[in-house]
Structures are given as C-alpha cells and as structure tokens.
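Visitor: Give me a model of this one.
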Amino acid sequence: MRKIKILLLFFVCTAFAFAQQSITGTVSDSNGAPLTGVNIIEKGTSNGTTSDFDGNFIINVQQSATLVFSYVGYETQEFVINGQSTVNITLADGEALEEVILVGTRTAPRSNADTPLPVDVLGVKELTSTGQATFDKALQYRIPSFNTVQTPVNDATSLLDPYEIRNMGPSRTLILINGKRKNLSALLYTQTSPGRGETGTDISAIPTDAIKRVEILRDGASAQYGSDAIAGVMNIILKDSPESGSATIRTGITSEGDGEMFGFSVNNGSPISNGKGFVNYTIDFSKVNLANRPGTVDAEGEFGDFFNPDAAVPITLADVQEFLSRRPDAGNVNGSPETAASKFLINGGLNLSENTELYFNSAYVYKKVNSFANYRTPYWRTLDVDEGFPYLADFFPGNHPTNAGGYDGYVPTFEGLLNDYNGTVGIKTKINDWNVDLSYTTGGNTQTYKVNNSHNRNSVLSPDTFLGDLNGNGIVDLVEYDLNGDGDIAPNEGVELIQGTDIYRENSQQSFDPGGTKFTHNVGNIDISRILSEKVSIGFGAEFRNETFEVIEGELASYDGGGADSFAGNSPENSGKFNRYNFGGYFSLDYDVSKDFLLSATVRTENYSDFGNTFVYKLSSRLKLNDNLTARASVSSGFRAPTLHQIYTQKAQYSFVPGSGIQVGGLINNVSTIAKSILEIPELDAETSNNFTIGFGGKITNTLSFTIDYYNISVKDRIVLGTEIGPSGDSTNQLDIVLENNNLSDLSFFSNAIDTKTSGIDVVLSQKNIVLGNGDLDLNLSGNYTIQNERDGAVKNIPIVANANQSVVNQTQEALFFTSRPRTKWILGANYDINKFGFSLNNTYFGKTTFFQQGLSTDANGIFNVRTEFTPKIVTDLGINYNASEKLTIALNVNNLLNVLPEWSFKSENAAGDAILADPAQVKDQSNLITFNQRYSQMTYDGYHFSQLGTMFNLSLNYKF
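Guide: Numbering: from 1, shown residues only. Presented below is the predicted three-dimensional model:
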C-alpha cells in the first residue's frame, strides 16, 4: 500500500512538473528598443517577474497560462502561452509621455487613464516650445493652476520668484525629483507681495534640457509624501536616455532692446558597464541682462512725502522738479534683474543583477543676481547738517547743479549669490516578489548677499583715538576709529569730525556683507510594495528627515545702528544655526474591486522633534463608467509643518510705507524673548487641511480627450506673516516700548492666524491629429477657475495686537493671500506640423487680480474705500520650428507677440470710494500712494499678474548628437 501511495505521489508531481514550463523572451517598444522593468504576471496568480535592462525576462508558468505585460505609458497586453517557450512582446506606445503617471501612488504606477487622481503631464518638448528662459516661467504658460511672476521689489527675492498651485502659496506644493523630496530654498519672502511669509523650492534652478517630463498632481498628498503636499505635488522626471543627446544655443532680447539673453546647454547620455547601466548629464550656462521698466515720477507726490519743515534747509518743490527734469524716473531701476547661472545635473542607473538596480542623480546650481534698491534722491538723503550726512558728497559725487560736490543722490545695489545642490543614491530590488526601494537624499540651498554703493546712516562708534581741537574752541572735534576691530587704524578707516553733539563720518564704508541664509536637509527613505494579486497591491515605507536652517551673520557695519542703507545685515543676536528631525511611516492599499472600479487608501503618521505627532489619511477611487468615460474622487487630510525659516527668522526689514517712503520695521521670531515674555506671541504649530476632489475624464474619440475636476481645500491654523503692527499711541504699552527701544517704525511676526477655504475647477480638453492639408494639427484648451479662496472665520489676534485696535491680517494681507493671483487662467494652444516646419500659437488668458494696498483710503473702521484691480489680459506666444536636417533644428519664439502689458485701475467699494474716483486729484493721490509716486506705475508696489517686460524675441539652435 505504501508503495502505491509513493507511486501516485510520483505521478502527480511528474504531471505538475510537465504542466509547468519556463518561458523566456524580450519586451520592446514599437521602435524595437528594449523596455526595462515591465511587469509580467501570470494571470490569476501572484506569480510574476520584471524585464531586465535589456528587456529580457524568464518566468515559470503553467502551460495553459496567460501572461499579462504592463508598463507605465504603454498599452497592457495579454498573451496566451499555448505551450510556447519563447515569447517576444512589442508593447504599443500609449502616448507614452502623456500617459505616464508615477506621482500620487505608493503602490504600482498607473497610466493617466487609470489613476484616481488629477495629474498634468508635460514632456520636455512642451516646456521648451514656450521659449521661456527658465523652467518655472515655462510652467506659467503651460499649466493654468500654476502661477509665478517676478516681484516688483527685487533684492533677495530676485534670486527666486514665488510660485504656487491653486493660489495657495509656494509652501503648500511639494517638489520631487525622480520621486524624491527636493530641498527648500533658504529664502523667506518678507516683502509685501504674493508669497509673503513663505518659502519654496528653487525650481527655476533646474535646467529644462535635463527634464524628461513633469507630473503635477493637483490634489493633496500628505498621506503619501508628508508635509507641504496640501495643494499638490510636482514630480520632475529626469532624462534617462543612454544614447541620444543634443546641444542648444539660445539667445533673446525684448522689444525695448534690453533684457538680452544668451544661453548654452548640452544634454547627453552614455551606456556604462557594458550596457548594464547609463548616465545622462546636462550642463547649462545662461546670462540675462537687466530689463528696466520704471515709471515717470510725480513731483508733487515726492514733495509731499519728503518735505520736512523742521529740517535745517527744507527742500522745495523746485528742488524736486529740478532733479526730475534730469531723471524723470527718479533714477529708479525696476524690472527684471541681471542674472547669470551655471547648472550641472547627472542622472544614472546600473543593473547590479537581474533584480537589483542602483540609481543616482545629483545637481549643482550657481546663480548670481544683480539688482537695485530704490534710488536715494538728493532730497530724500540730503546734505543737511541736521541729517548728519555732509560726507555724502564725498562718496556719492554726481552732477547736481548746486549741491556740494555735485551730490545728486545714489542707488544702492544688491548682489545675491545662490548655491543649490541636491543628490540621491538608492537601490531598487525585488525580493520574493516584494519591490524594495532604499534611498538617501541630500540637498541644500545657500544665499549670501552683497550691498554696494550704500552706507550706514546711523552707526556711531566710540572713538579709538582723539586727534585734537581743530578750531581752538576747547572741544575735541577730530577723532579716529578702528572700524574693523583689528587694533590698527588704517588710512581708509574712520576719521570723523565732531561738531557739538553731532558726529559726522568723513569716511564711510560703502560695500557691506550683510550675511545670508542657508538650508540643508538629509532624507532617508525605504519604500516597499507588492502586487498581491490581480486585484490587490500594497505599499508601505518610512522616512527620516533632518533639516538645518542657518542665518549667516553679517559684518559689523552691515547691521550696526540702522545697518546698511537699503538692506540691513544679520546681527549676531539674530543669527545662528537651527535644526530639527522627523520620522514618518505610511501604509497604502489599492484594491481593484473589478476591472472598472478601483479603491485606494493611504494612512501616514509623523513625529516632529519640535511640535510632536500628526496623523493623516487619503481615500481615492476610480470608476470606469464605460470605455470612454471615467469618474474619480478623493478625500484626504493633510498637514504642513512650519518651516525653520518661519520659526527662527528675525531681522530689520526695509519696506515701503505709503506716504512715508522707505521705513525700517522689525520681523521678530516666535521663540525670542521679546515674543514670548513681553508680547506673549505663541509658538507656531502645524497647519492641517482637508481636501476633496471629484472629476471626470474620458476620450470622446481616439484623438479627443478631456478631464474636468472640482477641488475643495480647507486649511486650519494657516501660518502667515502678519501685517506690520505700528505703535498704539500709548507710551506705556509694551508694543510701543519695544518699537521705541529698537528704533523701529513697526514690527511683524508669524502666527497660525487664520483658517481658509479654497475651491475651484480644472479643465483640460485636447484634440490631436487633425489632418490639415499635408500636416497635422493639435488643439489644446486648459483652464483653472477659482470659485472660492478666502478666510474662514475670525482672525486669531493675540491680545497685545487686538488691544491696539490692529490685526495681524488686514485687507492688504488677505488680498496677497487670496486674490493676488488670477482668479481664472486659461490656455488655448494650437500646434501644426507640416513637412520640416512646426508652428505653435498659444494664448494665455490671465483673469483679474485684486489688491488692497496699504495707504489706500479707508473709512473710520479701517475698511478700504477703493481697491485695485488688474484688468484681464490675453498674452499670445508664437513659435516656429524648422528642421533644417535630421540633426539641426532652428526655433524662433516671439513671446507676448502683441506686446500686451499689465493694466490696473481703481474700483469703488462704497459711496466714499465713488467720491474719490470722481475727483481726479484724489485718484492721483491714491495712485501715488501705491506706486511710490509712480515709480511702480505699471505694476504697483504689491504685485501684478504677468510679466511687464512686453514682447520678447528668442532664437535657439539645437543640434542632436
């Protein structure tokens, strides 16, 4: 009996062995190129494998098995074995670049048609065809929900223009490179302009020629990626070709003959290790000259601002008019600053074995920007003895007809140096059908500054040497100073003439090193996923992140007293190095209930060393209603930790105060002694959010597709940099005492001051491959409309502010937060390819933006009587490509073809506003207040909605290797 059982077991095993067979083969695309990483699954089981670097695979399956071949961006294909041992598969290109979706999922990647989330995907061709000089500006004219524009006042902000998705600020969009977190910039926006109080990632530093595609997830994704992903996620996928490459020369100029641009870039790839791996590198150099767009300054407004009846020699209107007759723009320089940049990037991978791949990428960017502060006119910084500046004529000589030494004022310059780097190294492997991704990412951003052609107005040092009594009146009136503290009084150090109690410096430093800021992070990730069956896939992982923010101390003269005129340096008490760490973990599950119905869920928990724990979740779903229509929806919670910049930044801030010119205010941090013990400002906590998205997508025909998505985002305890709080008028009030003791006109600080609601609609419509003559025409229409973007509930003012009848968030701030970006933006594009020519015509509609600038007329309760609205405009861009040969392409872009410029006007809020607008004199006064007497007449002092530079011509030559 025992022998019979053994024989039966033998025959069963033998039969099973014969039923199993080894299948080998190759997977390639329609061009015959091997596809790496194709998922190959035996249908109805969890048995599977992936193709190697050469597209080869081997798998043991039953003889009657059906293999399912799937790869992101390509059509899924099924193949019945029927006893075959060799299977070579060609996957059809499913509009590869437009279909690939890696962002938004922690399980298996899905195609654009299958994702339950709204994602925009742009290929490099779509970016370069805009003719824009930088990556961020290219996105401005390709993605309706993405907005960025240069700020009116440059200084430090000129190194990085604020950007945002869905009008929610740069801090609420997470930037990834090849799926890994990119470091933040060191810059904190503190000017009264869009993006105020926030920081973002320097995406303008990424060379466009290094990008393969960009995936923009327009949905909250904190559960998948952690902090900052409230408005969405941008995943930048780098080029990975091991063979193709090109060199590009580009040049451009504005229609005004300035803003000249020249650039050169090389992108190339090479196989390594006998074809087992690749490297792809990009080198990019560029230079953009100054483009200046100042206004014509109003003399009466200037006189009203700068007339001081108590001055020893008060200025007259004739003084102002004489200067403006020679310099109608008051010497101001505002527009697009001079910029030079060098960018280096490398991306690579290496197959270590059949199931293990080493991957890496790194980038370094050096950027230098030269910009200008407001010109200090001779009636603003005067030679009056009571003002203490008789030495100005010695150090700022000019051509004034009557002033001593021809003193005619001066314009401080601002030079910013930016160094940005990031790098990732990781290993992807497969262990018993588990996909494991282990990586380490590092990155940093350093910004240092230089102020030239300026001086320190208020610094008074104790003399090191008394030289004597020059006029014999018995009073020592000549002293020397050891300014740099080296123990030696050099000839170029301070010799000062003392007259009574006033001290005048005969020799003043004109160049200053005010310091800067630095941010670095180190991130470790482990991500594990597995397809458990045809219906279920899971993913889980963990992240450890360490962040360091440093305020770099400036030299003594840059902050002593009032600091360098125009940009005060970082003092020792405001400088330092600050850090924190956090640890997070997530779990994600995808369940295909049926072929048409998908459910996805993700949960995440994180612990921060400085504010504790948080827990967030996300649920999403996709339902294919038919072959041509898909519905999708998601609901999620999210969070954003306060950045170290927001927690620890403290400095003196030069700002424009309407009717008073430039004043010095103070930004104090929430952990300072003044904040905690005197003003009782609470420490910052994390923002929390709730997101809801629902939408539809489909293909009406094989060439006509559409998506429409509604989004709703609620943010609680939103972190804002409040408005400047001035004195209460009560000299015993702690607020007034702090301002008086620190010689400040006002102060501002960060707080979790408001809750907000944002909702809107995104639309994308695409018609491809329209046969027109001998060519093909593609049409695209995409748009974003903001239904709601506003404060929800009362402002959370601390008692010392409320008792002074002020608020950290007023109408000025709310306009910056909610209406300073276009309420709606639409892009209509046409691309026509015929023979060797390619033509593109894009029309971008910028909807209205609204501002309530400080200084505009208000009623007794501080409510504005008028507002400023920027008129909706359409900017037209034309592109012409000529393929001179298989390798050489010549491209001409005319951006803003019709030279459309921003325009704004006042709108009434009430009867008092009606009266103002009916009186030309009052309209002029209001206009002077918000444009610094017309210096910023085209865009006002707070901002605008698209570039003020007008038409730009760009020519490029691309040669393929």
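Visitor: ok, residue 887 - how many residues close by?
Guide: The number of residues packed near residue 887 is 11, by other CB atoms under 10 Å. (Each C-beta comes from the backbone N, C-alpha and C, glycine too.)
Visitor: what residues are up against it?
Guide: By CB atoms under 8 Å, 6 or more residues apart in numbering, the contact list for residue 887 reads 959-961.
Visitor: remind me, longest strand of the protein?
Guide: In the chain, with assignment by DSSP state E, the single longest strand is strand 750-772.
Visitor: Now find how far off-centre it is within its chain.
Guide: Averaging C-alpha positions (CA atoms, centre = their mean, to the nearest Å) puts strand 750-772 17 Å from its chain's average.
Visitor: again with stretch 519-538
Guide: Taking CA atoms, centre = their mean, one finds stretch 519-538 lying 26 Å from the centre of the chain it belongs to.
Visitor: Just the mean pLDDT for it, thanks.
Guide: Average pLDDT, stretch 519-538: 93.
Visitor: So that it lines up with my notes, have the first residue be 45 from now on.
Guide: From this message on, residue numbering opens at 45, which makes the last subject stretch 563-582.
Visitor: residues of it that come out buried?
Guide: For stretch 563-582, the neighbour count (16 or more other CB atoms under 10 Å) marks 563-569, 571-575, 581-582 as buried.
Visitor: can you name the two of these that are farthest apart?
Guide: Spatial extent of the buried residues of stretch 563-582 (CB to CB) is set by the pair 563 and 575 at 38.3 Å.
Visitor: Show me what the helix or strand hosting residue 758 packs onto, helices and strands only.
Guide: Residue 758 belongs to strand 748-765 when assigned by DSSP states H and E. Where contact means 3 or more CB pairs under 8 Å, 6 or more residues apart in numbering; DSSP states H and E, strand 748-765 is packed against strand 731-743, strand 794-816.
Visitor: how much space between residue 238 and residue 648?
Guide: Using CB to CB, to the nearest Å, residue 238 is found at 30 Å from residue 648.
Visitor: out of those two, which sits in the more crowded spot?
Guide: Neighbour count, other CB under 10 Å: between residue 238 and residue 648, residue 238 has more, with 30 against 26.
Visitor: Nearest spatial neighbour of residue 66, chain-adjacent residues omitted?
Guide: In space, residue 66 comes closest to residue 104 once its chain neighbours are excluded; the distance is 5.3 Å by CB to CB, 6 or more residues apart in numbering.
Visitor: Contact partners for residue 564?
Guide: Contacts for residue 564 (CB under 8 Å, 6+ apart) come out as 227, 486-489, 591-592.
Visitor: Work out the gap between stretch 906-920 and the centre of the chain.
Guide: So, by CA atoms, centre = their mean, the centroid of stretch 906-920 is 24 Å from its chain's centroid.
Visitor: Which of the residues in it are classified as buried?
Guide: Of the residues in stretch 906-920, 908-914, 916-917, 919-920 count as buried by neighbour count, 16+ other CB under 10 Å.
Visitor: Over that stretch, what's the mean pLDDT, rounded is fine.
Guide: Averaging pLDDT along stretch 906-920 gives 94.
Visitor: end-to-end on that stretch?
Guide: 40 Å (CA to CA, to the nearest Å).
Visitor: cool, and stretch 87-100?
Guide: 19 Å.
Visitor: Centre of the chain to that stretch, how far?
Guide: With CA atoms, centre = their mean, you get 39 Å for stretch 87-100.
Visitor: what comes up buried for it?
Guide: Buried residues in stretch 87-100, counted by 16+ other CB under 10 Å: 91-97, 99.
Visitor: Please identify which pair of these lies farthest apart.
Guide: The widest separation within those (CB to CB) is 22.1 Å, between 91 and 97.
Visitor: ok, residue 869 touching residue 892?
Guide: No. Using CB atoms under 8 Å, residue 869 makes no contact with residue 892, being 10.6 Å away.
Visitor: and residue 834, what does it touch?
Guide: Counting by CB under 8 Å, 6+ apart, residue 834 touches 800-801, 858, 862.
Visitor: Quickly note the distance from it to residue 801.
Guide: With distances taken as CB to CB, residue 834 is found 6 Å from residue 801.
Visitor: Equivalent analysis for residue 579, please.
Guide: 37 Å.
Visitor: Ok, residue 920 next?
Guide: 34 Å.
Visitor: How about residue 577?
Guide: Between residue 577 and residue 801 the computed distance is 41 Å (CB to CB).
Visitor: ok so, going back, so for residue 869 and residue 892, which sits in the more crowded spot?
Guide: Neighbour tally, residue 869 and residue 892, criterion other CB under 10 Å: the higher count belongs to residue 869, 25 against 16.
Visitor: Touching the helix or strand where that one lies from outside, list them.
Guide: If you go by DSSP H and E, residue 869 is part of strand 868-878. Residues external to strand 868-878 that are found in contact with it (CB under 8 Å, 6+ apart): 173, 185-186, 188-189, 191, 816-830, 882-891.
Visitor: How many neighbouring residues does the nearest residue to residue 933 once chain neighbours are set aside have?
Guide: Take residue 933 and drop its neighbours on the chain: the residue closest to it by CB to CB, 6+ apart is residue 1002, 4.6 Å away. For residue 1002, the count of nearby residues is 20 (other CB under 10 Å).
Visitor: Next one, pLDDT for residue 1002 please.
Guide: With respect to pLDDT, residue 1002 has a value of 95.
Visitor: Run through the bridge partners of it.
Guide: Bridge pairing for residue 1002 (DSSP bridges) gives the partners residue 292, residue 933.
Visitor: Surely it and residue 290 touch.
Guide: Yes. Counting by CB under 8 Å, residue 1002 touches residue 290, with 5.4 Å between them.
Visitor: For residue 121, pull up the helix or strand it's in.
Guide: Using DSSP H and E, residue 121 sits in strand 118-124.
Visitor: Would you mind pulling the contact partners of the next helix or strand after that strand?
Guide: Past strand 118-124, further along toward the C-terminus, the next helix or strand under DSSP H and E is strand 130-134. Residues outside strand 130-134 that contact it (CB under 8 Å, 6+ apart) are 67-74, 76, 111, 113, 121, 123, 125.
Visitor: Most neighbours out of those residues, which is it?
Guide: When neighbours are counted by other CB under 10 Å, residue 71 leads these with 27 neighbours.
Visitor: which residues sit against the one helix or strand that one maps to?
Guide: For residue 71, the element it lies in under DSSP H and E is strand 64-72. For strand 64-72, the external contacting residues (CB under 8 Å, 6+ apart) are 78-79, 82, 84, 95, 98-107, 111, 113, 115, 125, 127-135.
Visitor: Quick check: nearest residue in space to residue 579, chain neighbours excluded?
Guide: Distances taken as CB to CB, 6+ apart place residue 636 nearest to residue 579, at 4.6 Å, with adjacent residues excluded.
Visitor: For the helix or strand hosting residue 918, enumerate the helices and strands it packs against.
Guide: Element membership of residue 918, judged by DSSP H and E, is strand 917-927. Applying 3+ CB pairs under 8 Å, 6+ apart, one finds that strand 917-927 contacts strand 881-890, strand 932-939.
Visitor: what's that strand in contact with?
Guide: For strand 917-927, contacts defined as CB under 8 Å, 6+ apart pick out 173-175, 185, 880-890, 933-942, 944, 946-947, 989-990.
Visitor: and that strand with strand 881-890, angle?
Guide: Between strand 917-927 and strand 881-890, the angle formed by their directions is 170 degrees, by axes from the mean of the first three to the mean of the last three CA atoms, to 10 degrees.
Visitor: what about residue 860, which SS state?
Guide: helix (DSSP: H, G, I helix; E, B strand; the rest coil).
Visitor: Now for it, how many residues are close by?
Guide: Residue 860 is flanked by 27 other residues according to other CB under 10 Å.
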